[in-house]
Structure formats: C-alpha cells, structure tokens
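*Asks:* Compute the structure for the input listed below.
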Amino acid sequence: MADNSSENRALSEEELQDLVASSDAGARNPAGGVGTLLAVVAVVWSLFQVLLASPLANYILPGDIINNSRQVHLAFAIFLAFMAYPAMKSSPRHYIPIQDWFLGLFGVFTALYGYIFYQKIVDAGGLADDLDKWFALAGLLILFEGARRALGPAMAIIATVFLAYVFFGSSEWVPDVIRWKGASLKKAMSHMWITSEGVFGIALGVSTKFVFLFVLFGALLDKAGAGNYFIKMAFGALGHLKGGPAKAAVVGSAATGLISGSSIANVVTTGTFTIPLMKRVGFSSEKAGAVEVASSVNGQIMPPVMGAAAFLMVEYVGISYVEVITHAFLPATISYIALVYIVHLEAVKNNMPTLGNRVVSMGKTIGGMAAFFVGFAALCYGVQYPVGWIVAAVPGASALVMSLVIFAAYVALLWMAASVPDLEPDDPNAAEVELPVVGEIYKSGLYYLLPIIVLVYFLMIEQKSPGLSAFWATMLLFVILLTQRPLKAIFRGESDMANAITQGVADLIQGLIDGARNMIGIGLATATAGVIVGTVTLTGVGQVMADLVEFLSGGNLILMLVMVGLLSLVLGMGLPTTANYIVVSSLMAGVVVELGAQSGLIVPLIAVHLFVFYFGIMADVTPPVGLASFAAAAVSGGDAIKTGFVAFFYSLRTVALPFVFIFNTDLLLIDVTWLQGIVVFITASIAILAFTAGTMGWFLTKSRIYESIGLILVAFVLFRPDFVMDRIQPPFQQVEPTAFVQALGDATEGDEMRLVVSGPDFDTGDIKQTTLVLPISAGSGDERLAASGLLLLEEDGIVKMDEPSFGSPFGTSLGSFDFYADEPVQIASVNAPAKQMAQELVFIPALLFLGLIAFLQRARMSRKGEPA
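*Replies:* As a prediction, this is how the structure comes out:
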C-alpha cells in the first residue's frame, strides 16, 4: 500500500487528452500525408451528413445515395474505425499497418454492398444468394472487429452470442425455454445485412439522420468556445458559495452536457478545472471525482440532446421528438437540483471554506440563475411572435429576412463581446484563484446562445424534424466559426485580418473533424446493436425473454423492474449508453408493458424506455467498469473503484427516479395541465431534496436515524400521493361483468374504466390476464361499447369476448389471445371509476411532517452543547 499514492497520480493534460481520444475518437493520430487523408475523410463525412440533412439534399445528392445513406454512413464509420483505433495496445499509434488499410477498405466495400448491387438484390426480392451471404458474413465480422476496437470487447461478444443463437438456437444443448427452429446462413445474412431488419435497421437510420448532426453541433459549439464560456459563467455564479467549485461543476457539466453526448469527454473537459478546485476547498480526491462523474453522466439525460437515445425513442415509441423531451425534462431537472443539494450538504457537513473574497447571498444567486433560465426559456418561446409578423409581412422572402435578422443579432452580440477581453482558461492550481465576475464576463459569449435558440425554436415551436432543426443550428455555427475572429478583429481595430480568417477556417475544419471522429463509436454501436435487434425479430426471443422474466419475477412488477434495471447495468458495463439502450429496450420494453398490464398497472411505453435509459447511463458510473469514474480518477489522482462507489451513492436519485415515474407518470408530464405541471414540479423538487437529505444523513444539521427515515418517507409520499390516497379511498369500485354495459352508460364522460380480460394465450394455450383501459366517450352505454370495438356475448352469467374487429382500439392489445380455443376469452372483472378526493391533499400532512423534522433539527442546533 506504500506506493498507492503514486499509482493513483493525476494524469497530465497530454495523458488526459489521450485518454479521451482512445475512448471517444481513436488513439491513433498518424502524421504527414496519411494524417491529412484521414482528416479529409472526416471532413467529407461531416459535410455529407450536413448536406443529407439539408432541404437541398433532394436536389444535390443522387436519389440512390439518399436511399442508401445508412450504407454510406456505416462505410465512413468502419473505414475511420480501422484507421483511428489500433487493434491492440501494442499496435503502432503513428502509422497505419497494411492489414488495417485492407480491413478498412474491404469494410467500406461490404458496407456499400447493398448500394453497389442494389438492382440485383431488388430483383431477388431482398434475399441473399450464395455470393451475397459470404460478403454479408465478411461484413459482419469486420463490423464486429471495428466495434471491438472502438467500443471494447463487450459489444462484439454480445452481438456474436446473439448471432450464434440465430444459427445454433435449434441445438439440443440449448435449453428448451429458449430453443427455436434455427436459420440457414443465407436466411440469417439476408435478415442481418441485406434487408433493413438487422444492421441497417432503425438504430443505424437514427444515427444517420439525427445523431450525427447533434454530435457535430456539439463539437462545433465547443470549438467556438461555448464550453469554456459555460464553465466560466457557472464559476462566476456559484464559485464563491460553500462548496462552490462542486456546485459550479454540476451546473457547468449540465450546460456542456446539453451539447456533449459523451460522459468521458465531459468529465475530462470540465474536470481538469473543477476537480483541482474542489480538492482545494476540502473535497477528497474520490469525492471530487465522484461529483464530476455524477454531473457529467447526468448530462446525457438532459434534453434537448440526450445522447442518441431521444432520437431512438422517437422511432421505437412512435411519438414526436417534442413529446420525448417534454417527458424527459422534469426528471432530468430535479435530478440536477438534487445533485447541487448533495454537494451543498457535503460542504456544510465538512464546513468547507469558500473561494475568493466576494460575498454574495445564496438567495440572490439562486434568484439570478432562475431569472436567467426563465428569461432564456421566454426568449426561445417568444421568438415565434416576431417570426410570425415577418412571415405575415413578407411571405415570399420571410426566410431571407429572418436570416438577416439573426445575422444582425449575431453581429450586435459579437460587437458586445469584442468590447471585453476573450475568455482564457484559468489555472486551477494558481496560488490565488480569481473567480470571474458574471457581470463582467457575460457579454463575451452571449452569441453562443443564438445557435441553441435556433435549435430550440425549430424543435419546439416550428416542430420541424430533429435533423432539419440541427441543420439550421449547425449552419449558424458555420457562420460563427468562420466570422467571429475576423469580426472581433474589425471591432477592436486590429490589423491582422488574414490570420484571423485563417484561424476561423482552421476552427471550422477542426470542428468538422472532431464531430466525425466522435461519431465513429456511435455509428458502429448502432450498427452492431442492429444485429441484436435483428435476432429478436428473426427468432422471437423477445417473447421467450418475457416468459423467462415473468417466471423469475413470479409476475411481481417491482421485482421485474429490478431485474430489468440490473440487466441494463450489467450490459452497460461493457456497452456505450446508446447500444445498451437499444439492446435492453428491444428485449425488455414490451415485457414491462405486458406484465404491467397483467398486474393491473398501465405503463406508458415512453416510461419504460426512459427507465431502461436511466439505468443504462448508470453503467458509466458503476464499478468495476465505470469508464467515467476511471476518467475522473485519472484527473483527480484518486482511487478509481472508490470514486465509482461514491459516484454511485451520489447518483442514488438517478436509480430511484425511474421506479417513481413508472408508477407516477405525472412526473413525465403525461396528461397533465399547465397548472398540474407546476404543482408536480414544485412537489417533486421538494421530494427529491427530502430524499437527498435522508440518504445523506444531513438536513439542517446531522440527522438522527429516525429523521433520515422520516425524510425518505416524506419523499415517497410527495412522489406517490396516489399510493396513499388509493388506500384511503380506492379509485375504482368492482362491478359485476354482467353489469358492464350499464356501468359504461353511468360513467362520466372523460373518466376511464378498467377491464381485466382473461383467456388462453395464442402461443402456449395457458390462461393469462391483461388489463384494458377504456376511455369514456360521449353517448349511451351501447354507443360507448360500439366505439370501443369490443364484441361481447353474455352466456350463463359469463361475459365472453369475440375477436375485436380489425383496426379497433384494442385489436393489438388483445392480439395475443386465442379467441377460437375451447376455453373462452372473457371479462374477468370490471373496475368502474369511484369518487376520490384530490390526491394532492396528501401533500399537506407530508409537508407538515417535513416542517416538524426541520423544527426538531433547528431546536437541536440552537441548543447549547449539542453537536451540530
């Protein structure tokens, strides 16, 4: 143990950048002509993706290229993977071996195989012939090798196991419960490589259409200088408070998380400045690293970008992007509020000193930040009105006029920025730390908010596609990168214009290269995950997984959710978040919805997808793999495993929240009014703070054990008021199935009625149950029944069901029942809505109890001789 401190030394800046490169963008960086060639390929890939997303794509790019854009996307990713990522740790870093050139170029050919031989494949009906199957198999092997290099061995191993199941799933040594009939090489390769069911499926399509543009947007915004601006602003606002560097790390990481899809890059980018300052005010190496990990990883759950998962949810759940980020907003926001509170409690517990000599009240700081965020949101929302006036005034030239208005706003903000010095990164190890003053530095980067406003406007107000929204925001960043240096030089009266223009072009080119290199891993992850999705669709193993999970959990929904969470964690230890989300949601999302319905709980599909996603990102934190924890330990010089465990403890709210919003979908703002949404936000914020105080063992002072338990109970009641109210007044009353139509007629329009349907499973013949939610529309009982599409027949006191008509509301949810078996499908029970008091009444005793705990702690603090 003597040399432990030397083993855990902090890495140098060069070593840290190498760490990020090797994990995110590839460790190999050849010099000379080869390096230039790779840079050109990366730039061409970025420009191709920008053009593909543009409104001019159909006029400039050939139709064949657009139709096969997924193949082109994967070809770039595979080629750059073999160029940028060495095969082994001992492989050369400064030149590319001949075998890597061969594998990269052959990988390009196999990726483009469907494009090159498009007509032949179409003529064959999309089925592989003997030649196709061998090229497809070679393509899969090269893809797996590329994924192994860029993402580590886990992704390739899991995909190989699933592919082996396709071929050998019929063998006798495969357990009966998961055995299937198997597939020939030709059938499997058609499915995996030739059609759009496997590698070239939805996930790679999302990577091609949306994800690249957002990753490029983040890379360009960071290259413009926004990352440093956000960190400086966070330190200026929060650095002088108790535990200020940690609070600034949380807010700075949240801001950079908006534009960065990588936890590891986020840790190193913000951590090199925040972690040394956290250590200066009293955080241990492990705690400083853990704060940075928890805040950086949480950047992935923060709308509007959310890594690649938000775009995948659009495709998998079948709702708009605006709906996805609306549902994701509240849990992400309160999660960050809780993290700021965690570091505040750590600072108070340890009586940490403040940095600098400025004294600003906490209330004034919080008020100022709240005013900024409200003002920014109002600006994003209010932009629609002047835009509407412009469209009405000059309908034919509105796009040109709006472009000129945006450019004029940019020039005005840049003129303001030129009036103050450019922001230089601070040295966190300097003898005297001078915290920036927000009032002095805010002017220097206000124009960075313009691309974000453009992005949010097109996404939220115009509700354009994510790809088109990111395209226009990226175009504005092109303008900013090319002009910010020359225009500042003009405004400052500087004469070195040629150098400023050259630097601007160099910044843009470097941003395009960074965007492409950051996409290599995501492109390969989505393509490789397509093999797993393809296996599920080809073999039907998803239904087997449902049966297996149901058997292991005994039908208990809580136990099943714990198992799904653990599966996400285990898989995520070797997979990037995006790939982990694709795999687990493909296997388990439908299972949770189905078993929830059998348990009488209607779980919206978006809630399940967010549940899986939250646990997937926790894998970046959790030892023994936790890549973000290792990166933070490399910055802090602390122990990586200990850093991971502390970060996991700090992230307990990220573990608890998914369980809460599965059972209380109000947290996802599903079917809530504006007023209800505000109430939910306030109570959820109080709940997450109470939960945090309970788990940290400190509220106003050190908590007694019963106070900590009380705080967690308060949090539970505020999060789940329905749980308490349902036990005081049940929300439904049982009605005999034979009286269903009468109860349907008596129900109030806008209410919901729940039917438990029982009958034989179409596949197994076993009796199973599911719950249907029947919204009450206008009309009589018979009219409401007809509108539902349910066909009922009462016989011997049993209400039997016929197969619903095609296209009826419940055709899909009842599709797994066998309506022609000897045992009938019938209504087992009917739950009609009962009068219930408003569940918000439960908040009153919960808040009073919270006040009682605060009173007890305050009394103890004021008592002489009692330790605080």
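*Asks:* tally of neighbours for the residue nearest to Gly243 when sequence neighbours are not counted?
*Replies:* Excluding the flanking residues, the one nearest Gly243 by Cβ to Cβ, 6 or more residues apart in numbering is Ala347, at 2.6 Å. No exception for glycine: its C-beta is placed from N, CA and C like everyone else's. Residues lying near Ala347 (other Cβ atoms under 10 Å) number 23.
*Asks:* now the one 4 residues further on
*Replies:* Other residues within reach of Asn351 by the criterion other Cβ under 10 Å amount to 9.
*Asks:* now do Glu424
*Replies:* By other Cβ under 10 Å, neighbour count at Glu424 equals 8.
*Asks:* Assign a three-state SS to it, would you?
*Replies:* With DSSP: H, G, I helix; E, B strand; the rest coil as the basis, the three-state label of Glu424 is coil.
*Asks:* What distance do you get for it to Val405?
*Replies:* Distance of Glu424 to Val405, computed by Cβ to Cβ, to the nearest Å: 32 Å.
*Asks:* what do you get for Phe376?
*Replies:* Phe376 sits 19 Å away from Val405, going by Cβ to Cβ.
*Asks:* And for Ala81?
*Replies:* Distance of Ala81 to Val405, computed by Cβ to Cβ: 42 Å.
*Asks:* With Phe551 instead?
*Replies:* Phe551 is 62 Å from Val405, by Cβ to Cβ.
*Asks:* Could you do Ala498 as well?
*Replies:* Taken as Cβ to Cβ, the span from Ala498 to Val405 is 30 Å.
*Asks:* Compare the two (neighbour count), which wins?
*Replies:* Between Ala498 and Val405, Val405 has the larger neighbour count (other Cβ under 10 Å), namely 13 against 10.
*Asks:* That one is in contact with Ile390, isn't it?
*Replies:* Yes: using Cβ atoms under 8 Å, Val405 is in contact with Ile390, at 7.3 Å.
*Asks:* wait, what's in contact with the closest residue to Leu74 other than its chain neighbours?
*Replies:* Distances taken as Cβ to Cβ, 6+ apart put Ala111 closest to Leu74, at 4.4 Å, once the chain neighbours are dropped. Ala111 sits next to 71-72, 74-75, 78, 139 when contact means Cβ atoms under 8 Å, 6 or more residues apart in numbering.
*Asks:* For Ala111, give me phi and psi.
*Replies:* phi -70, psi -40 (degrees, to the nearest 10).
*Asks:* Also Asp761?
*Replies:* Torsion angles, degrees, to the nearest 10, at Asp761: phi -70, psi 140.
*Asks:* Okay, and the beta partners of it?
*Replies:* For Asp761, the beta-bridge partners are Phe817 (DSSP bridges).
*Asks:* Tell me how far it lies from Thr770.
*Replies:* Distance from Asp761 to Thr770, by Cβ to Cβ: 10 Å.
*Asks:* Which one's more surrounded, these two?
*Replies:* For Asp761 versus Thr770, the count of surrounding residues by other Cβ under 10 Å is larger for Thr770: 22 against 14.
*Asks:* Confirm that one sits in a strand?
*Replies:* Yes: counting by three-state DSSP, Thr770 falls inside a strand.
*Asks:* Pull the contacting residues for it.
*Replies:* 594, 597-598, 756-757, 813-814.
*Asks:* mind running it again at 6 Å?
*Replies:* Residues near Thr770 by Cβ atoms under 6 Å, 6 or more residues apart in numbering: 597-598, 757.
*Asks:* leaving aside the residues next to it on the chain, what's closest to it?
*Replies:* Ala597 (4.6 Å).
*Asks:* So the one you found sits against Thr771, correct?
*Replies:* Yes: applying Cβ atoms under 6 Å, one finds Ala597 in contact with Thr771, separated by 4.8 Å.
*Asks:* Let's see if you can find the most crowded of the contacts of Ala111.
*Replies:* Going by other Cβ under 10 Å, Ile78 tops the contacts of Ala111 with 31 neighbours.
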